[in-house]
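> need a structure here:
(chains A and B)
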Amino acid sequence: MAHSQIELTPRAAFADLPITAPGSGVVVQERDELGIASVLARRGQHEALTKRVRERFGIELSPGPRRSAAGGCAFIATGPGAWIVTVERASNGCVTSLTDALGDLAAISDQSDGQAVLRVSGPKAREALCKIVPIDLHPRIFRSGAVAATVAAHVGATLWRLDDDPSGHAVFEIAVFRSLAESFWRALSESAAEFGVRMNGRG
Amino acid sequence: MSGHRLGKGGLIDRQRALTFQFDGRRFTGHAGDTVASALLANGVQLVGRSFKYHRPRGILTAGSEEPNALVELRTGARREPNTRATVAELFDGLEATSQNRWPSLGFDVGAINSLLSPIFVAGFYYKTFMWPAAFWEKVYEPLIRKAAGLGRASEQSDPDIYEKAHAFCDVLVIGGGAAGLAAALSAARAGARVILCDEDFVLGGRLNGDRREIGGCSGVEWTQRAAAELESLPDVRVMRRTTVFGAYDGNTFGAVERVSDHLPTPSPHQPRQRLWKIVARRIVLATGAIERPLVFGDNDRPGVMMSSAARTYLHRFGVAVGHSPVVFTSTDDGWVTAFDLARAGIAVRAVIDTRTKISASLLSGAKQTGIYTLLGAQVVATQGSHGLTRVTVRKHDGGMENLKADALCMSGGWNPNIALSTHLGGRPRWSDELSVFLPSELRGTIVAGAARGSFTLAAALREGAAAGAEAAQSTGHDAPAWSAPTVDDELSGVTPCWRIADSRGKAFVDFQNDVTADDVTLAAREGFTSVEHLKRYTTLGMGTDQGRTSNVNGLALLAAATGRTIPEVGTTVFRPPYTPVSFGAFVGHHRGKDFRPTRLTASHRWAAERGATFVEAAQWLRAQWFAEPGETDWLQTVNREVKSVRSSVGVCDVSTLGKIDIQGKDAATFLDRVYINMISTLPVGKTRYGIMLREDGFVMDDGTTAHIAPGHYVMSTTTVNAGKVMQHLEHARQVTWPELDVQIVSITEQWAQYSIAGPNSRRLLERLLGGAIDVSNEAFPYLACAEFQWQSMRARLFRVSFSGELAFELAVPARYGDATIRALMTAGQEWGVVPYGLEALGVMRIEKGHVAGNELNGMTTAADLGLGRMMSTKKDFIGRVLAGRPGLVDANRPALVGLKPVDRSKRLFAGAHFLSSGATVALNNDQGYLTSVAFSPMLDHWIGLGLLARGQARVGERLRAYDPLRSGEIEVEVVSPVFFDPEGARLKG
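I've put the predicted structure just below:
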């Protein structure tokens, strides 16, 4: 019997999660196609890595918990010499290109499937997030590009703020372990229910 | 009928009538009423029975300090006991029920306690129900609890949702009265981020309960303007119906917002209550003051209430508390009540002032209004069955006079509301000048207004504004100058009167816990002279009101009884919560299956479709077994799964095992130091089993490490220890050996990993992978590992086995996990592939003598587990030194053995202890215990692993497995822990 090649279809972390209170106060979008990798500077290579990232990606790594981005690629600092790097529409492929560019200066590990990322925006995004995230999201405190390694309703999470959307509303992205996507979603969607929730297509 | 609604006035909406029920009787109130104000407006005075004596009780206060008027609110699943009628907002259709009475409020059998009161004194329970001791739990306590209860919980699941939220601010203002509003205004005008919390549903505090003038407008108008201004500012959050109930470290405060308590049912998706954690840089405590009752005979009779409460009912709710009230006062403030009542057209029967001299303006006011005035006089008794009808006054000259009265407004002075100032250990200090306890200095907190003993409105506004400005300034905001508004004059004279001597009847100090003045003196006489002892012996201040109205009076009585001053006696302090908080608010979202987060593997949905039974493993849900139609017993299912794997092939999701990526040029050195065995000799493309110890020499965890690429390892851990191992490695990397070039990160979540086990596992994989990788024994021998391209993904394959069969673990990026498990099942159809769960996995590992969580219990060494020879002598590693302690290398230590029942039909039970034959059942004869048991379908009887003293030397010996809880005792035979395929031939096929 010849090999019957079974076509494997990927499944998104937030696929088929229910929206119990439709509305437009909080807008969520799953970021399944984001390529994600952890990047850990090798010992003593922090400066060289900073220089290489500037050269290859045009990204100036800011010190502290900040997100530095250019051209669809973002370095999200999660600790000293540690980043989560996101690459738009790259999925698992981002690891190869990151390893080629930075592999001698940093340990790269694919996390595209390990991290489930949700974009949270809309006029009531802050009001919904403040119910599950114990950090100050005030626009002057948690500014665009800010990053926090925190917890969301007992789920470990990395939260960062992007630039505001065209209507001036704050835009956040929050990453949780994939296995916790459903528990996290229940907490977030319940918290957002009073404002109404809309799911945007994947991106 | 004494109380009644006046024709005009009050902050109620007279156009909106609300109907409600109390004890089944229908009444009408208005929007803006509390249950208490609506009951008073309907002439209801009797609202409950007291805790111990079942005495009739009425409404004492108009605030959250209420000790008496506790009712059950609502019915069915929403029934809440012990709700203070004085703060419960009225809504249409509200149902309230009185508590602690049977069969009815008017006729209560329990009131017999009151007749027996001479024996129900302080410490009565301690003294009486001492003997026989065995009776306490079974007889006395249930009886006492039944008789002396408060309300009844609903005992049904709460139908409402609760949630938690976090807020941050520069300035948190607690209390929305005059001082709080002024503080919030001045801080907000400076541009600070301000949160103002007030427990009431209307801001203003006493400004709503008094007739005051601020800057030419009424106190109510001033409040409304202040609220409007605050709410117009973007960085200000005004939180009504929000009680700050606790102060915690780091300027963190707990608050509960009653979002929907004032509605019959919450609107869709609206929580009933919201629990706030507020972190503030500065705090303004403007919690006001609480009026002190006077301690005189039968001062608990319905109709006796606080003077300020009577004023609140008058001004805020348009309710007169009686037709012919008397005022009993030791303060100027009591006179304000008398004058206000008189101005509203109520015939004030008399003002009885304990003081012999009062200010001339009060005297002239009395003259103008024609109020009968008795100075230097005291109320010594009250009469009336279910409500006040008459008071007995001892006049200054000693003569007695009876006065008809249907309400008594008592004014004993004000106690600053300092509860929150003591939550973090602040000790109140006594002010001789004011005869009150004042809050101590608190870091980051400014106390303003009545809460710090500044009882006039002018002072409240001035101090509030100054506090707000200071708080804003210290958080980097320049406050504009505050122009103090003009305020009408007031008198605030007080001469404290702690106890009315020679009172007749019971003079209550603590209304909620039925503690009288005599109880306090009795406690002192019996030696309970410390405040903490007094509190516990008499239960003074231990009710749900935390003695808000009673503590200071109690201390003063104790001081008098022991010949000390009040500061010498000292005071108890308050604990969170300030007022009761429902469990629902603390639980929030985390109820039912959201009690804690659940981790689901990529195959979960597929397993659920297959009808798997799940079990919790750490936070994960794992398939325990996959029952087939017709199977009636889990053991039947598990036996089938094991036999299928051992005879053909099975698949098990092992994604939950911890996976740690370890990279860097010193990665091998690092691994050598954390494992007891050598890893640096492991070539690329190979996997090795490893054991790691804790620093103290005991085994911490085991697992395999794969050398996936040069300088790149993947470590696996047990499911349960994944987080702990990660922490351990991070500590070693960052703290112990920062000089090593090694990078570690958890990749557990990245990969969905499946074990494919059984003699047909290779065939299945060849079918599935279609040549993507050569899995022949030559190309991919036992313990091989590889990363390879499969369709559009990079996948990983490991030839490792926990079952003892020919087995592989296939890892795919988690998004492909669902598709891969389905593809595995399809590819394995020809060989009858079965999914198997955690239980079958456990059976097979016991058959193979592999240790797991039951043996890796934190108390075993590598040698105990039969793995002592893995400990390398060529290198150092974490735990090596302490593993050499005499106690850990003692030959008598319990070590791993296998056990079989001598009678093969008998079942083994984990936990059974080993005894030598003939030994008595005693702890010092204990030889060890059974750690893991399973029914082996391959051997067709129960088998077990155990830790037995000198175990490995005792193979062949017979022992008793003693289990008094279940099986009693059975005879077992000590065998090798490897029951099945001891040569390991199947593994390498």
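
> in the helix or strand hosting B:Gln368, which residues are buried?
Using DSSP states H and E, B:Gln368 sits in helix B:360-369. Going by neighbour count (16 or more other CB atoms under 10 Å in any protein chain shown), the buried part of helix B:360-369 is B:362, B:365-366. (C-beta placed from N, C-alpha, C; glycine too.)

> quick check: domain ranges of chain A?
A:22-32+A:114-199, A:35-110 (automatic domain parsing).

> tell me where chain A has strands.
Under the criterion DSSP state E, chain A contains strands at A:22-30, A:35-41, A:67-70, A:73-79, A:82-87, A:106-110, A:115-121, A:147-152, A:155-162, A:171-177, A:197-200.

> residue in the stretch 401-550 of chain B nearest to chain A?
B:Gly476 (11.4 Å; CB to the nearest CB).

> so that residue: helix, strand or coil?
The three-state label given to B:Gly476 by DSSP: H, G, I helix; E, B strand; the rest coil is coil.

> tell me who's in contact with it.
By CB atoms under 8 Å, 6 or more residues apart in numbering or on different chains, the contact set of B:Gly476 is B:Asp170.

> coming back round to it: and of the strands of chain A, who's closest to B:Leu635?
Between B:Leu635 and the strands of chain A, the shortest separation by CB to CB is 34.3 Å, and it involves strand A:171-177.

> so the closest one, near chain B or not?
Yes - interface with chain B: strand A:171-177 contributes A:Phe177 (CB under 8 Å from any CB of the partner chain).

> ok, that strand: who's next to it in the sheet?
strand A:115-121 (antiparallel), strand A:155-162 (antiparallel) (DSSP bridges).

> ok, back up a step: other residues contacting the helix holding B:Gln368?
If you take CB under 8 Å, 6+ apart as the criterion, helix B:360-369 is touched by B:332, B:335, B:338-339, B:342-343, B:348, B:351, B:373, B:491.

> by contact count, what packs against the helix or strand following it?
Sequence order places strand B:373-375 as the next helix or strand after helix B:360-369, per DSSP H and E. Counting contacts by 3 or more CB pairs under 8 Å, 6 or more residues apart in numbering or on different chains; DSSP states H and E, strand B:373-375 packs against strand B:350-353.

> now the strand it packs on: mean pLDDT?
Regarding strand B:350-353, the rounded mean pLDDT is 98.

> so what secondary structure elements neighbour it?
Packed against strand B:350-353 by the contact rule (3+ CB pairs under 8 Å, 6+ apart) you find strand B:325-329, helix B:332-343, strand B:373-375, strand B:390-394.

> redo that, cut-off 6 Å
When contacts are defined as 3 or more CB pairs under 6 Å, 6 or more residues apart in numbering or on different chains; DSSP states H and E, strand B:350-353 sits against strand B:325-329, strand B:373-375.

> need the strands paired with strand A:171-177 in CSV with mean pLDDT, can you?
Below are the strands paired with strand A:171-177 laid out as CSV (pLDDT from 0 to 100):
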stretch, mean pLDDT
strand A:115-121, 97
strand A:155-162, 98
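
> need the winner for burial among those strands.
Compared across the strands paired with strand A:171-177, strand A:115-121 shows the largest average neighbour count, a mean of 23 (mean count of other CB atoms under 10 Å in any protein chain shown).

> what pLDDT is listed against B:Gly804?
Per-residue pLDDT puts B:Gly804 at 96.

> I'd assumed it was in a strand, is it?
No - with three-state DSSP as the criterion, B:Gly804 is coil rather than part of a strand.

> tell me the contacts of it?
B:848, B:981, B:987 (CB atoms under 6 Å, 6 or more residues apart in numbering or on different chains).

> which non-adjacent residue is nearest the second one?
I take that to be B:Asp981. B:Gly804 (5.6 Å; CB to CB, 6 or more residues apart in numbering or on different chains).

> and the gap between the one you found and chain A?
28 Å (CB to the nearest CB, to the nearest Å).

> distance of that residue relative to B:Ser936?
According to CB to CB, to the nearest Å, B:Gly804 and B:Ser936 sit 12 Å apart.

> sorry, back to before: what's the least confident stretch among the strands of chain A?
Among the strands of chain A, strand A:197-200 scores lowest, at a mean of 92.

> residue numbers of chain B in contact with chain A?
B:163, B:165-166, B:168, B:269-270, B:589, B:597-600, B:661, B:663, B:741, B:743, B:745, B:747, B:749-750, B:770, B:791, B:813-816, B:818-819, B:823 (CB under 6 Å from any CB of the partner chain).

> out of the residues you listed, list just those in helices.
If you go by DSSP state H, the residues of chain B next to chain A have B:818-819, B:823 in helices.

> could these go into CSV alongside neighbour count and pLDDT?
Formatted as CSV, these follow (neighbours: other CB atoms under 10 Å in any protein chain shown; pLDDT from 0 to 100):
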residue, neighbour count, pLDDT
B:Asp818, 22, 97
B:Ala819, 20, 97
B:Ala823, 21, 97
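
> buried subset of the contacts of helix B:360-369?
B:332, B:335, B:338-339, B:342, B:348, B:351, B:373.

> just curious, which of these is nearest to B:Asn417?
Using CB to CB, B:Asp332 is the member of those that lies nearest B:Asn417, at 20.0 Å.

> and the closest residue in space to the closest one that isn't next to it in sequence, helix, strand or coil?
Leaving aside its chain neighbours, B:Asp332 sits nearest to B:Leu491 (3.9 Å; criterion: CB to CB, 6+ apart). Recorded secondary structure, B:Leu491: coil (three-state DSSP).

> for B:Leu491, give its distance to A:Phe14.
For B:Leu491 relative to A:Phe14 (CB to CB), the value is 67 Å.

> cool, B:Phe201 as well?
Counting by CB to CB, the gap from B:Phe201 to A:Phe14 is 40 Å.

> do B:Lys395 as well
Counting by CB to CB - B:Lys395 and A:Phe14 are separated by 80 Å.

> between these two, who's got more neighbours?
Per other CB atoms under 10 Å in any protein chain shown, whichever of B:Lys395 and A:Phe14 has more neighbours is A:Phe14, with 21 against 14.

> tell me who's in contact with B:Ala862.
B:Ala862 neighbours (CB under 6 Å, 6+ apart): B:676, B:691, B:699, B:868, B:871.

> ignore what I typed, I meant B:Ser37.
Residues near B:Ser37 by CB under 6 Å, 6+ apart: B:313, B:317, B:319.

> mind checking pLDDT for the closest residue to B:Arg212 other than its chain neighbours?
Distance criterion CB to CB, 6+ apart; nearest residue to B:Arg212, sequence neighbours excluded, is B:Gly219 at 3.8 Å. Per-residue confidence (pLDDT) for B:Gly219: 97.

> and residue 46, how many neighbours does it have?
Assuming you mean chain A. That count, for A:His46 with other CB under 10 Å as the rule, works out to 15.

> switch to chain B, please.
Neighbours around B:Leu46, by other CB under 10 Å: 21.
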